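Student: after the sequence you'll find the predicted model.
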2 protein chains.
Amino acid sequence: MNATVITIGDEILIGQIVDTNSAWIGQKFSELGVKLYEIISVGDDAVQIKEALNRARTSSSIVIMTGGLGPTKDDITKKTLVEYFNSELVLNEEVWERMKQIFEKRGLKVLEMNRSQAMIPKDCTMLPNQRGTAQGMWFEKEKVVFISMPGVPHEMKHLMESQVLPKLKEKFSFPQIIHSTIMTAGAGESVIANMLSDFENQLPENFKLAYLPDLGTVKLRLTASGDTKELNEEAQAQKEKMKAILGNYFYSEGEEKLEKVIGSMLIERNETVSCAESCTGGYIAHLFTSVPGSSKYFEGGIVSYSYDVKEKLLGVKNATLNNVGAVSEECVREMLQGLLKTTFTTYGIAVSGIAGPDGATTDKPVGTVWIAVGSSTNIVARKFQFFPSRMENIRVFSNAALNLLRLFIQGKLS
Amino acid sequence: MNATVITIGDEILIGQIVDTNSAWIGQKFSELGVKLYEIISVGDDAVQIKEALNRARTSSSIVIMTGGLGPTKDDITKKTLVEYFNSELVLNEEVWERMKQIFEKRGLKVLEMNRSQAMIPKDCTMLPNQRGTAQGMWFEKEKVVFISMPGVPHEMKHLMESQVLPKLKEKFSFPQIIHSTIMTAGAGESVIANMLSDFENQLPENFKLAYLPDLGTVKLRLTASGDTKELNEEAQAQKEKMKAILGNYFYSEGEEKLEKVIGSMLIERNETVSCAESCTGGYIAHLFTSVPGSSKYFEGGIVSYSYDVKEKLLGVKNATLNNVGAVSEECVREMLQGLLKTTFTTYGIAVSGIAGPDGATTDKPVGTVWIAVGSSTNIVARKFQFFPSRMENIRVFSNAALNLLRLFIQGKLS
């Protein structure tokens, strides 16, 4: 079964916004076992929209449209669909009342322009939108389902998850597909692929393994499809086999990031963490604090960008900085010791490296980083060599540091 | 004049990657005065690629393809183009030699698979790729130009800027278009739009103003088109008029972010900065340090997430935390005083607020933030109220803090 996505809006074509909706919908369909045949992006233009619909219905049983449902005169998707399906617009009293209430609550006057958003085509099933004033629409014609949703990503996702996907599952019978996601850290894609090459060769034909690398972590997605009753059990068994091979590189099932997984471990153990950062410049603290509720275990951090701050706030010895430099095992050990003396957290992270583009020396090229993790009684330090680009290094250094801490907490580092 | 973009790759359709190439190309064409008629994303499938090409050439004089040029057997774009244009592949000795050298340098063995990337269709103009092993191709047929480039964004951008755009400007005569970009901070889109409403009304018909808001900043793009000699002067004059109206909200021409603009100001003045962050959790330090060369003026920061760290490292009074709480004018003033006593920087920023979803009280809802900026002799504090979402708040709080600092350094805050 095929589907086509049509994204509508001049702002897409002039590059004012990146269309992230298509990829999200593509993922959902891929999980469902539906093949996305094509993505078409057109402007707010009736002729182009109709042309795209004509094309889509020849290849696909499901046609998803996003965008062009706003209240301004640029937005012509609904009007065009009314023409396309020979329908007519009728005021939906319920939607209109709710809209007036929303505007009142915000202290705004509802305008005639907004009333147009309560007008719904007679021949469609309305998909009520709890997140905005543009309603979703579901049309059926000659065995093809046409769905129109607003382009605002969180509104579209809400409609897809709460209504479109359940209704599609009701109408069509999709193949049985089981997805298992495994997160790894500490090795690149090629290392992981090499470890799993025998595993991949023994996989039955109805299994597929995908690698999704992201600066220091690799997400693995194992997909199983088939009609057998045993599929779930088989998928579970293959997943466990894969986890066993991955050993310490495996850190989580599902899609959780390292900072989230570490946070859950710390909450469970009633322990705390802090960080001392040079080259990562606050990014590790940012990752920790991007997790809601992180104040339960994250006490704080020191961004010691200058020698001065390293000495004054972390007690790094002047001799260390002068003799072996800031990017050294001695320096990150002293940074971590100093940090733990101040914050009294259970664990700490210290990072010093060269993110680039400047700051390299002959024996310390851009991408060199020293990381120390540990507690007041035991500190482990490691050196890594990463990429040439500054922003990539900041992210990959941070993930490497979080992964070392994860291994330390789990007692897997010595 | 129209153009069509065709992005090729199964990974786009299953949502494994977000297609950012199209938006980037759309922007470049929009700046050139070329209308992007349509974006089509298809899989690695010869029939689909040819279908898309057939469609594109009916509407467009320029057809841009990205993707499907890698060395693996999935990548069939080149083979398909050879069929489509009735051409044949010929080994390009120069490319092949360069490729062997690159592999040798990296200590890798060049494979037969890689040789296929040195095979170039006879009937195209090759666009040499300095960033990778997949070469660009330029075909012409019946007055339509077809350009194929690799899908890796930095390779595609390199080819577009170094070869495709210059060659297109040579071949076609594009309308004269002048873009001016103005950055503002400290007010939302509606406030800015309101200020500029008379300005917009007086704009000649050949001028267009676009608003591109982004959490705390609004980018304004003024586009002028026309054939007159005076266009450049007129555009300059309108831009200056706009800057005068925007007053203190205007902070830069071009597309520079606040942290970059502040950095340039500090380098020029030979001054330094540090920051003390609670709710922004290291994000302001990260913004400062994301700018290459920031070690010249950014000394460091303290992420004081817990009360303990606020007291110990920043000297915030226990009484302040107990009586008025961490989200208060008193607290951010004490944080900033403590910070400057430790780091001795010329300027400092201190931020404390409620990013959410937890931590709100009746009089301090999620989105409340206190920001202090200043020097050892003068501190200014302001309270703001922003959004309900955690990640948006972290970003908008950070931009608000940077903007206050910018105004302070410029002597515009009292």
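Tutor: All right, it came through fine.
Student: from now on I want contacts and neighbour counts done on CA atoms only, so please keep to that.
Tutor: Will do.
Student: could I get the full set of strands for the stretch 151-300 of chain A?
Tutor: A:177-185, A:207-214, A:217-225, A:250-253, A:273-277, A:298-304 (DSSP state E, counting those that start in this stretch).
Student: ok, which of these comes nearest residue A:355?
Tutor: strand A:273-277 (12.2 Å; Cα to Cα).
Student: pull the distance from the closest one to the chain's centre.
Tutor: 25 Å (Cα atoms, centre = their mean, to the nearest Å).
Student: just confirm residue A:74 is within a helix.
Tutor: No: with DSSP: H, G, I helix; E, B strand; the rest coil as the criterion, residue A:74 is assigned coil and is not in a helix.
Student: for chain B, see how far away it is.
Tutor: 15 Å (Cα to the nearest Cα, to the nearest Å).
Student: still on that earlier bit, wait, which of the strands of the stretch 151-300 of chain A is closest to residue A:332?
Tutor: Comparison of the strands of the stretch 151-300 of chain A against residue A:332 by Cα to Cα identifies strand A:273-277 as nearest, at 8.7 Å.
Student: could I get the strands of the stretch 151-300 of chain A as a markdown table with mean pLDDT and mean neighbour count?
Tutor: Output for those, formatted as a markdown table (pLDDT from 0 to 100; neighbours: other Cα atoms under 10 Å in any protein chain shown):
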| stretch | mean pLDDT | mean neighbour count |
| --- | --- | --- |
| strand A:177-185 | 93 | 21 |
| strand A:207-214 | 87 | 15 |
| strand A:217-225 | 92 | 21 |
| strand A:250-253 | 96 | 19 |
| strand A:273-277 | 98 | 29 |
| strand A:298-304 | 97 | 30 |
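Student: right, and those - which one's nearest chain B?
Tutor: strand A:298-304 (4.6 Å; Cα to the nearest Cα).
Student: what does the closest one rub up against?
Tutor: With contacts defined as Cα atoms under 8 Å, 6 or more residues apart in numbering or on different chains, strand A:298-304 is touched by A:272-278, A:281-282, A:285, A:288-289, A:310, A:313, A:339, A:343, A:345, B:281-282, B:285, B:299-306, B:308-309.
Student: circling back to that earlier point, can you say which of the strands of the stretch 151-300 of chain A is nearest to residue B:178?
Tutor: strand A:207-214 (38.3 Å).
Student: how about TSV for the strands of the stretch 151-300 of chain A, with distance to residue B:392 added?
Tutor: Converted to TSV, the strands of the stretch 151-300 of chain A look like this (distance: least, Cα to Cα, whole Å):
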stretch	distance to residue B:392
strand A:177-185	26
strand A:207-214	23
strand A:217-225	25
strand A:250-253	27
strand A:273-277	23
strand A:298-304	20
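Student: for residue A:295, give me its contacts.
Tutor: Neighbouring residues of residue A:295 by Cα under 8 Å, 6+ apart: A:289, B:305, B:306.
Student: OK, contacts around residue A:60?
Tutor: Residues near residue A:60 by Cα under 8 Å, 6+ apart: A:1, A:2, A:3, A:4, A:37, A:144.
Student: pretty sure residue A:78 sits against residue A:69.
Tutor: Yes: the pair formed by residue A:78 and residue A:69 meets the contact definition of Cα atoms under 8 Å, at 6.4 Å.
Student: and of the strands of the stretch 151-300 of chain A, who's closest to residue B:138?
Tutor: That would be strand A:207-214 among the strands of the stretch 151-300 of chain A, by Cα to Cα, at 31.8 Å.
Student: show residues contacting the closest one.
Tutor: A:188, A:189, A:200, A:218, A:219, A:220, A:221, A:222, A:223, A:224, A:225, B:16.
Student: which of the residues you listed sits closest to residue A:388?
Tutor: Nearest to residue A:388 among those: residue A:188, at 15.8 Å, using Cα to Cα.
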